[in-house]
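okay, predicted coordinates and the sequence, questions at the end:
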Amino acid sequence: MRPWLVLALFAAVTVPLMPLQQFFLWVWPRMARLFPMHYHRLVCRLLGVRLEIVGRPPEKGPLLIVSNHVSWLDILVLSALAPVSFVAKREVNGWPFFGTLARLQRTVFVDRDRRHATGNSREEMQERLKSGDILVLFPEGTSNDGRRVLPFKSSFFGAAETEGVLVQPVTLAYRGHRNLPMNRRIMPSYAWYGDMELAPHLIGALAAGPIEVAVICHAPLSLSGELNRKALARHAEEEVRRGLSLALHDPGKIR
């Protein structure tokens with residue numbers, strides 16, 4: 001019964017608030033940035049997602065957050081961290097219901113497979129960053145099993161070439177389940193990757209119960225000095241990978 005009760009509560013909270021967020025987008029841009037953060041903090045509580053935040057979370061832009069990608073739950077976790085918008089693949093825009101939620105959060109939709117489209121998307125990201133936004137990019141390009149970090153693709157790091165824009169690596173570590181350490185048997189209930197279908201996975205995650213997620217906010221980086229776009233991507237990848245290793249295997253050292 002738990003998944004259906006949680007889904008009913010989620011719908012009862014979300015559906016009435018969607019027109020309110022649309023109203024904010026029309027007449028109150030500052031609140032349109034802030035409101036999703038407060039909404040997602042409530043949703044995390046409803047779903048039983050407990051956050052442990054390490055380091056200094058971002059408060060304002062312009063900032064590009066680059067994070068490892070584990071699950072659809074990453075959206076809730078990072079949205080609860082700060083007033084962010086996401087960089088997502090173009091297909092998300094067409095998803096029923098979730099595509100609407102993405103648009104309401106001012107998501108930048110990109111086409112990773114077409115070279116000229118990548119340039120246009122990067123320019124759109126630059127304009128959003130110039131306006132003071134905090135954007136979240138998953139530079140692995142796909143999600144994985146939550147036990148490793150895939151190589152970071154540097155294509156969209158060029159959006160941070162604008163003066164004053166910082167890049168903050170953030171590590172997401174799904175490391176607790178019902179107040180016990182997360183194990184390899186339980187992890188696929190939360191990590192959404194490969195050919196897993198969204199709806200059954202969502203129900204399974206809600207049935208599996210509460211989890212603890214460590215969010216490690218590393219020191220911001222900039223495209224200056226000796227760091228070019230590719231070097232910045234490698235540096236950010238190393239920081240995120242180191243954070244994940246410590247969070248999963250030696251958590252006492254992440255503070």
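Alright, I've got the coordinates.

who does the helix or strand hosting residue 11 touch, helix- and strand-wise?
According to DSSP states H and E, residue 11 maps onto helix 2-27. Other helices and strands packing on helix 2-27, by 3 or more C-beta pairs under 8 Å, 6 or more residues apart in numbering; DSSP states H and E, are helix 29-47, helix 98-104, helix 198-208. Just so you know, the C-beta spots here come from the backbone N, C-alpha and C atoms, and that holds for glycine as well.

make JSON lines from those and add mean pLDDT, distance to residue 64 and mean neighbour count to it.
Output for the helices and strands packed on helix 2-27, formatted as JSON lines (pLDDT from 0 to 100; distance: least, C-beta to C-beta, whole Å; neighbours: other C-beta atoms under 10 Å):
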{"stretch": "helix 29-47", "mean pLDDT": "97", "distance to residue 64": "15", "mean neighbour count": "17"}
{"stretch": "helix 98-104", "mean pLDDT": "97", "distance to residue 64": "18", "mean neighbour count": "17"}
{"stretch": "helix 198-208", "mean pLDDT": "94", "distance to residue 64": "26", "mean neighbour count": "15"}
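
closest to residue 150 out of the ones you listed?
helix 198-208 (19.3 Å; C-beta to C-beta).

and of the helices and strands packed on helix 2-27, who's closest to residue 240?
Nearest to residue 240, of all the helices and strands packed on helix 2-27, is helix 29-47, at 21.1 Å by C-beta to C-beta.

send the alpha carbons of that closest one over as PDB?
Only the C-alpha atoms of helix 29-47 are listed here, as PDB (Å, rounded to 0.1, in the frame of the first residue of the first chain):
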ATOM      1  CA  PRO A  29      10.500  35.300 -12.100                       C
ATOM      2  CA  ARG A  30      12.400  35.400  -8.800                       C
ATOM      3  CA  MET A  31       9.800  33.200  -7.100                       C
ATOM      4  CA  ALA A  32       9.700  31.000 -10.200                       C
ATOM      5  CA  ARG A  33      13.300  30.200  -9.400                       C
ATOM      6  CA  LEU A  34      12.800  29.700  -5.600                       C
ATOM      7  CA  PHE A  35       9.500  27.900  -5.500                       C
ATOM      8  CA  PRO A  36      10.600  24.500  -7.000                       C
ATOM      9  CA  MET A  37      13.300  24.300  -4.300                       C
ATOM     10  CA  HIS A  38      10.700  24.500  -1.500                       C
ATOM     11  CA  TYR A  39       8.400  22.100  -3.400                       C
ATOM     12  CA  HIS A  40      11.100  19.500  -3.800                       C
ATOM     13  CA  ARG A  41      12.100  19.700  -0.100                       C
ATOM     14  CA  LEU A  42       8.500  18.800   0.700                       C
ATOM     15  CA  VAL A  43       8.500  16.000  -1.900                       C
ATOM     16  CA  CYS A  44      11.700  14.500  -0.500                       C
ATOM     17  CA  ARG A  45      10.000  14.300   2.900                       C
ATOM     18  CA  LEU A  46       6.900  12.700   1.400                       C
ATOM     19  CA  LEU A  47       9.100  10.100  -0.400                       C
END
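
cool, thanks, signing off.
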